[in-house]
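A.B. asks: whatever this is, show me its structure:
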Amino acid sequence: AQNDAEGNPVNPQQALLNISIPDCPWIDGFDKQIRIIPAQLPRVKQCALAYRDNAARYSLAERQQPPQGLFDRFIFQGGELQFYTTPLVLRNEMTEAASAALQQRTKDSKRAMAEALHFFSNPIYQLPSIDELVNATQSVPLDWRPEIRRGDTQTLESFQEQQVALDLGLQAIDLFCSGQRAFIPAPVLLGPPGSGKSHVTAHWGAYALAKGLNTIVTSVASERAAALGGEHIHLVFSIPVASSPSSRILAERALTRLARDPVKMQWLKSIR
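C.D. replies: The predicted model follows:
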């Protein structure tokens, strides 16, 4: 038993009913995932047992009655089913609107990237049109494979190195589309300024669009991301711009923001 503010004994069931929502340790506010503060585990267990075994509220016969009897008693009231959620007609309408918004966001993202690739400072050889890149699907991909052309002042060693890097990315994309593996190692480009990292990355992105994959470009430098039709990494993942909180707090805040924007959350989950 516990005591209230005036020192009177309060059983766990009453404490559970009287607790305020902001202080409740097992409600996260989104009604999807439950996170229990470790220090509150004994209290949660105590309240759960009180809910199940509280003799003051339920008699022994009531606790032993079959599930159907409990269903009839607590869900059916006055001959009507008590339904405390969104009506089905509204849920279907909201789902349809959210699906349309997700499709539009995906299409806008593809178009922004395709347009940026066409206005790239170093043009991509025989790049398909913007509409072809936007409308390509995994079931009907474009019959196109990027090629890197050697620059007028580029050394042979630099050209060969870029070709090797390009092939690594194209092989990873082909392997991903084949469905033969559950995990595909992501290639990483490392080199000094002017070595062609963005140029090779642009070819990777163009090939991914041609394969019908949902592709985004992000960067810790907004100028670099914008050059390829992408967004700063803080905008993509809704990361708050702050220097004082720890990385764990920033991650929690970012997830909270994404949870409040289901269209963006599903858009990020659909990236391939």
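
A.B. asks: from now on I want contacts and neighbour counts done on CA atoms only, so please keep to that.
C.D. replies: Noted.

A.B. asks: ok, and what's touching stretch 182-192?
C.D. replies: Outside of stretch 182-192, the residues within contact range by C-alpha atoms under 8 Å, 6 or more residues apart in numbering are 165, 168-169, 172, 175-176, 197.

A.B. asks: where's the closest residue in space to Arg150 that isn't next to it in sequence, which helix or strand?
C.D. replies: In space, and not counting its chain neighbours, Arg150 is closest to Phe159: 5.9 Å by C-alpha to C-alpha, 6 or more residues apart in numbering. Taking DSSP states H and E as the definition, one finds Phe159 inside helix 156-178.

A.B. asks: return the set of buried residues in that helix.
C.D. replies: Neighbour counts over helix 156-178 (16 or more other C-alpha atoms under 10 Å) mark 159, 162-163, 165-166, 169-170, 172-173, 176-177 as buried.

A.B. asks: repeat for stretch 249-258
C.D. replies: Those buried within stretch 249-258 under the rule 16+ other C-alpha under 10 Å are 250-251, 254-255, 257-258.

A.B. asks: looking at these, which is nearest Tyr207?
C.D. replies: Leu258 (28.6 Å; C-alpha to C-alpha).

A.B. asks: residue contacts, that closest one?
C.D. replies: Taking C-alpha under 8 Å, 6+ apart, we find Leu258 in contact with 237-238, 264-265.

A.B. asks: just the buried ones from those?
C.D. replies: For the contacts of Leu258, buried by 16+ other C-alpha under 10 Å: 237-238, 264-265.

A.B. asks: pretty sure Leu209 sits against Val134.
C.D. replies: Yes. Counting by C-alpha atoms under 8 Å, Leu209 does reach Val134; the two are 7.1 Å apart.

A.B. asks: which residues are in contact with both of those two?
C.D. replies: 110, 114.

A.B. asks: the more surrounded of those two?
C.D. replies: Remark: of Leu209 and Val134, Leu209 carries more neighbours, 28 against 24, as counted by other C-alpha atoms under 10 Å.

A.B. asks: and the more buried one, what does it touch?
C.D. replies: 110, 114, 133-134, 136, 215.

A.B. asks: just the closest of these to Leu142, please.
C.D. replies: Ala136 (6.4 Å).

A.B. asks: what about the closest residue to that closest one other than its chain neighbours, how many neighbours?
C.D. replies: Beyond its immediate neighbours in the sequence, the residue positioned closest to Ala136 (C-alpha to C-alpha, 6+ apart) is Gly212, lying 4.7 Å away. Number of residues near Gly212 (other C-alpha under 10 Å) recorded here: 22.

A.B. asks: where's Gly212 relative to Ile130, distance?
C.D. replies: 13 Å (C-alpha to C-alpha, to the nearest Å).

A.B. asks: re earlier: farthest-apart pair in the buried residues of stretch 249-258, please.
C.D. replies: Leu250 and Leu258 (12.3 Å).

A.B. asks: pretty sure the residue nearest to Ala136 sits against Asp143.
C.D. replies: No. Using C-alpha under 8 Å, Gly212 is not in contact with Asp143; the gap is 11.2 Å.

A.B. asks: quick one, strands of the protein?
C.D. replies: 2-3, 9-10, 76-77, 80-81, 218-219, 231-232 (DSSP state E).

A.B. asks: tell me where the stretch 51-200 of the chain has helices.
C.D. replies: Ranges of helices in the stretch 51-200 of the chain, per DSSP state H, counting those that start in this stretch, are 60-64, 67-74, 88-118, 130-135, 156-178, 197-210.

A.B. asks: export those to JSON lines and tack on mean pLDDT and distance to Ile184?
C.D. replies: Formatted as JSON lines, the helices of the stretch 51-200 of the chain follow (pLDDT from 0 to 100; distance: least, C-alpha to C-alpha, whole Å):
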{"stretch": "helix 60-64", "mean pLDDT": "58", "distance to Ile184": "53"}
{"stretch": "helix 67-74", "mean pLDDT": "47", "distance to Ile184": "47"}
{"stretch": "helix 88-118", "mean pLDDT": "79", "distance to Ile184": "22"}
{"stretch": "helix 130-135", "mean pLDDT": "92", "distance to Ile184": "23"}
{"stretch": "helix 156-178", "mean pLDDT": "92", "distance to Ile184": "6"}
{"stretch": "helix 197-210", "mean pLDDT": "91", "distance to Ile184": "14"}
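
A.B. asks: could you dump those helices to CSV with distance to Ala242?
C.D. replies: Below are those laid out as CSV (distance: least, C-alpha to C-alpha, whole Å):
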stretch, distance to Ala242
helix 60-64, 52
helix 67-74, 48
helix 88-118, 27
helix 130-135, 35
helix 156-178, 34
helix 197-210, 28
